[in-house]
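Trainee: coords please:
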Amino acid sequence: MNNTNKYSCFENLEVYKMAVKFMAKVYELLKKSPLKEDFAMVDQMRRATISISNNVSEGFERETDKELIRFLYFSKGSAGEVRNLFNLMEEIGYFEAVELDEYKKDIINISKQLANYIKYVKKRSGL
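Mentor: Coordinates of the predicted model:
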């Protein structure tokens with residue numbers, strides 16, 4: 001079944017919009033010290049954050065529900081990676097827990113939205 005039943009393009013997906021806004025927010029965080037000197041952490045966070053919206057869009061463009069679901073799971077995995085990186089930043093002492101609270105809530109919400117979208121696509125396609 002084609003995944004364009006409800007949406008004509010991935011830019012209309014709420015979870016995609018959330019992921020792009022979140023990515024912009026994370027880019028601002030990554031400019032702050034002490035992160036600006038930890039090039040590996042910054043690079044990994046950028047890659048993982050970008051991967052969320054990239055996989056939503058790539059899966060959507062594959063035009064089959066089976067492929068869409070596959071890429072949504074990749075996206076959900078990247079969301080988990082981002083959460084882990086926030087935990088590491090806190091543990092290392094780059095940020096206090098309160099400074100990352102809003103970011104963690106955002107990424108958990110994105111992960112939940114991805115899970116809901118996966119359920120929706122599975123149900124509509126009988127997978």
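Trainee: and Arg83, how far is that from Glu102?
Mentor: Remark: distance between Arg83 and Glu102 (Cβ to Cβ, to the nearest Å) = 13 Å. C-beta here means a position set from N, CA and C on the backbone, and glycine is covered the same way.
Trainee: same question but for Phe86, I mixed them up
Mentor: 11 Å.
Trainee: please apply the same query to Val82.
Mentor: 13 Å.
Trainee: more crowded one of the two?
Mentor: Of the pair Val82 and Glu102, Val82 is the one with more neighbours under other Cβ atoms under 10 Å, namely 26 against 11.
Trainee: residues near the nearest residue to Ala19 once chain neighbours are set aside, how many?
Mentor: Using Cβ to Cβ, 6 or more residues apart in numbering and skipping the chain neighbours, the partner closest in space to Ala19 is Ser53 (4.0 Å). By the criterion of other Cβ under 10 Å, Ser53 has 24 neighbours.
Trainee: helix or strand for Ser53, which one?
Mentor: Using DSSP states H and E, Ser53 falls within helix 39-61.
Trainee: now swap in Glu91 and tell me
Mentor: Going by DSSP H and E, Glu91 is part of helix 65-92.
Trainee: how far away is the residue sitting nearest the centre point of the chain from Gly126?
Mentor: Closest to where the C-alpha atoms of the chain average out (Cα atoms, centre = their mean) is Ile52, at 3.3 Å. To Gly126, Ile52 is 27 Å away according to Cβ to Cβ.
Trainee: and the residue nearest to Ala19, what is it in contact with?
Mentor: Ser53 makes contacts with 16, 19-20, 23, 75, as judged by Cβ atoms under 8 Å, 6 or more residues apart in numbering.
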